[in-house]
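A.B. asks: give me a model of this one.
(4 chains)
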Protein chains: 2
Amino acid sequence: MRDVVLDDRAHSILKSIVTHHILTGEPVGSRTIAKLTPDGLSPASVRNVMADLEEMGYLTHPHTSAGRVPTDKGYRYYVDTLLPGAHPGARDRGVIDRSLSRVGGELSEAMEVIPKLLSRLTSQVGYLVSPPLRDAVLKHIDFVRLHERKVLVVFVDRSGVVSNRILDTDEDYGEDDLQKAGRYLVAEFAGMTLSEIRSRLIRLMAEERAVFDHLLKSVIKLGTGYLDAETGDRRMVLEGTTNIMKHPEFSDVETMRRLFQTFEEKHRLLTLLDRCLTPSGVRVVIGSEADDPTLDKMALVASSYHVDEHTTGWLGILGPTRMEYERVVSLVDYISRLFSTLLTRQAL
Amino acid sequence: MRDVVLDDRAHSILKSIVTHHILTGEPVGSRTIAKLTPDGLSPASVRNVMADLEEMGYLTHPHTSAGRVPTDKGYRYYVDTLLPGAHPGARDRGVIDRSLSRVGGELSEAMEVIPKLLSRLTSQVGYLVSPPLRDAVLKHIDFVRLHERKVLVVFVDRSGVVSNRILDTDEDYGEDDLQKAGRYLVAEFAGMTLSEIRSRLIRLMAEERAVFDHLLKSVIKLGTGYLDAETGDRRMVLEGTTNIMKHPEFSDVETMRRLFQTFEEKHRLLTLLDRCLTPSGVRVVIGSEADDPTLDKMALVASSYHVDEHTTGWLGILGPTRMEYERVVSLVDYISRLFSTLLTRQAL
DNA sequence: TATTGGCACTCGAACCACTCGAGTGCCAAG
DNA sequence: CTTGGCACTCGAGTGGTTCGAGTGCCAATA
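C.D. replies: Here you go, the predicted structure:
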């Protein structure tokens, strides 16, 4: 991935620049770095290295007479060379442990608590993406007749997440039929994931000629009607969006408006996550890597959480490229690990 | 309410100023108004009236050599003297009719569609506040056992709105018991509002000594457990919050941050609505009248909607004090009336 | 007596010239 | 290869000037 490995000096200078810039937000000058690094280099030497780093694309100039600022590539290098596996501080761990112990493995509660927790700890935007509905495990399902040919489907997942949807049916089902259909589904399929159920229903449908059972027919129609519509669905909860406004890099109102519009259209964020993330450990997506102009100057830290070995969803934070990666990454990592073990234990 | 009635000239000048300011956003000078009004007054005369209006508190100066700008009191006067009952334009009515006909009287869909509709038509923030849960009419209720002493309550309202909540019980109910309890509740109480159900359950509880029926006991405990927690609840859906950023009066980032924080904390908006609104027709709350510093320079147009004579919720828009009241009021009025008749027809 | 033209005054916006200083790039000496 | 020196750049801040829209007030007028 990384094209050229930087030599020691360049490496340490780049690192200093990024660290210092993250701290202050100001462009960093050669004199500052010369004082900061223990190598005892003169500003002039530092300038030479800086010029090289700029040529290689790790740094830029806001203008001729300003200090250097990391580019996305610079941040990328910085993040890639961070020591992995750093632990959050004891205080942060305490806060996290306490919050998550109250949640247990309850996904429905986690969807409220975790984004808030992330947002509070990092002062950025915290988020959690639920597992796709197709992986949800059927606990309970209900069909409720609203009016003629309008049926409300209420689905409860093993972990207590409720989804619902109104179905337009081409037949007018009676309340009794609907209840029976619901009970049948629970009796037959409880404990399976929706995608499993879906394929079983399809198999049943193939045998439909042989089926004259009215109930079973209804079940097939209603069940597939519901499942077809929804299975790709994920939910995404964002929290602390106003934190973004605190950062000086977003003082431009128009940029910010577009950013918030992106927050409102969560599906765009979701496809972005889909595109960028491989489900393994913490991932960081920086600025232009996201390939979405509204997320310019933004970075995204994400980690998947899972039950057993099965990856389910993501959680993480969204903030300006200039953020404390070390701390944030360790927090996101810690939370996702802890939450995964809680989920897995609960699923037993 | 209005302290002094303005004489004809002052009235028409004030109205001109407000209209013109709404249009342009700029402070309005005497010369502009002199040209604009058909009375053929000279700028100097207009100035005199303006000075009077300022003394009475209807106008201000940004600074000595700028034109006049309406105060909240000025907008209030303007709004109060608008002809009530204006109709939206034919095009707007077309859009509204089409959107709402698709919704029918389905509250659950209206909660998505109406705020979006309002936001799109007015380019402001559109909102809808659901009826309080206590007025919801029971259609279906389910108790689902999640784990030991954790019960998920799923409640479906007549109009298809689903609410759910996890209950910590002090007893471990079996799945069968829970199902029976749900069915019992539906059989006995379907069609009543939650507050009615609540009082009936309390009456039953009073007779508890006489009740040795295990089922009934469970019903009482679960039912009141759920109802106690929630009955005051309303939901509020906001849409188009990013529209606010388009208005120059909110270019200050810090003000805007606080505004968005208010959007995130919807309960604050809800109590505000509670405080300011009497449920009759369209109401306008302007700036300081809201008595909430974050809503400075904001105005709120709201109208209640209802089923039969029974007031249920609100819908409307939120925008800067400088907005096209005439158009917005007529839109909000029209939508709330139309939606009310749809709801009432549906409830039959 | 209400209206109006005239006039001095105010104040923000825009523009310009200037300085200051942090920081650069480059070169020649070490 | 490193470094001190030096000329250069450019944004930010400062102060002065002009311009114009708008006001307030007063004296003249219908």
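
A.B. asks: any bit of the lowest-mean-pLDDT helix or strand in chain A sitting next to chain B?
C.D. replies: Within chain A, confidence by mean pLDDT, DSSP states H and E is lowest for helix A:214-230 among all helices and strands, at a mean of 78. No: Helix A:214-230 lies out of reach of chain B by Cβ under 8 Å from any Cβ of the partner chain, never closer than 13.9 Å. All C-beta spots, glycine's among them, are computed from the backbone N, C-alpha and C.

A.B. asks: same for that helix, what does it pack against?
C.D. replies: Judged by 3 or more Cβ pairs under 8 Å, 6 or more residues apart in numbering or on different chains; DSSP states H and E, the packing partners of helix A:214-230 are strand A:150-157, strand A:162-168, helix A:175-189, helix A:194-206.

A.B. asks: quick one: residues in contact with the first one.
C.D. replies: If I follow you right, that is strand A:150-157. A:107, A:136-146, A:162-169, A:173, A:178, A:222, A:226, B:106, B:140, B:142, B:144, B:152, B:154, B:156, B:160, B:162 (Cβ atoms under 8 Å, 6 or more residues apart in numbering or on different chains).

A.B. asks: same deal with the second one?
C.D. replies: Counting by Cβ under 8 Å, 6+ apart, strand A:162-168 makes contact with A:108, A:133, A:136, A:146, A:149-157, A:222, A:225-226, A:229-230, A:233, B:106, B:108-109, B:152, B:154, B:160, B:162, B:164, all of which sit outside it.

A.B. asks: in PyMOL, select just the buried ones from those residues.
C.D. replies: Only the buried entries of those go into this PyMOL selection, using 16 or more other Cβ atoms under 10 Å in any protein chain shown:
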select buried, (chain A and resi 108+133+136+146+150+151+152+153+154+155+156+157+222+225+226+230+233) or (chain B and resi 106+108+109+152+154+160+162+164)
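
A.B. asks: if we check DNA strand C, which of the contacts of strand A:162-168 are in contact?
C.D. replies: Applying Cβ under 7 Å from any atom of the strand to those, one finds that nothing falls near DNA strand C.

A.B. asks: related to what we said a few turns ago, so which of the helices and strands packed on helix A:214-230 is the most packed in?
C.D. replies: strand A:150-157 (a mean of 22; mean count of other Cβ atoms under 10 Å in any protein chain shown).

A.B. asks: who does that strand pair up with?
C.D. replies: strand A:138-147 (antiparallel), strand A:162-168 (antiparallel) (DSSP bridges).

A.B. asks: can you list the weak-confidence ranges in chain A?
C.D. replies: A:1-4, A:208-212, A:230-232, A:279 (pLDDT under 70).

A.B. asks: ok now do the residue lying closest to residue A:22 once chain neighbours are set aside, which residues does it touch?
C.D. replies: Spatial nearest neighbour of residue A:22, excluding adjacent residues (Cβ to Cβ, 6 or more residues apart in numbering or on different chains): residue A:322 at 5.6 Å. Shown in contact with residue A:322 (Cβ under 8 Å, 6+ apart): A:21, A:22, A:25, A:247, A:249.

A.B. asks: what of residue A:174?
C.D. replies: So residue A:174 contacts residue A:145 (Cβ under 8 Å, 6+ apart).

A.B. asks: from residue B:348, how far off is it?
C.D. replies: 20 Å (Cβ to Cβ, to the nearest Å).

A.B. asks: need the nearest residue in space to the closest residue to DNA strand C within chain A, chain neighbours excluded.
C.D. replies: In chain A, no residue comes nearer to DNA strand C than residue A:29, which is 2.8 Å away by Cβ to the nearest atom of the strand. Excluding the flanking residues, the one nearest residue A:29 by Cβ to Cβ, 6+ apart is residue A:67, at 3.9 Å.

A.B. asks: surely residue A:285 is within a strand?
C.D. replies: Yes: assessed by DSSP: H, G, I helix; E, B strand; the rest coil, residue A:285 belongs to a strand.

A.B. asks: run a quick neighbour tally on it.
C.D. replies: 25 (other Cβ atoms under 10 Å in any protein chain shown).

A.B. asks: so it touches residue A:302, yeah?
C.D. replies: Yes: contact status for residue A:285 versus residue A:302: in contact at 7.3 Å, counting by Cβ atoms under 8 Å.

A.B. asks: shared neighbours of these two, anything?
C.D. replies: residue A:277.

A.B. asks: one step back: please report the distance of the residue nearest to residue A:22 from residue A:71.
C.D. replies: From residue A:322 to residue A:71 the distance is 12 Å (Cβ to Cβ).

A.B. asks: and for residue A:274?
C.D. replies: Relative to residue A:71, and taking Cβ to Cβ, residue A:274 is found at 26 Å.

A.B. asks: pop out the phi and psi values for residue A:325.
C.D. replies: phi -50, psi -40 (degrees, to the nearest 10).

A.B. asks: what of residue A:60?
C.D. replies: Here residue A:60 shows phi and psi, under degrees, to the nearest 10, equal to phi -140, psi 170.
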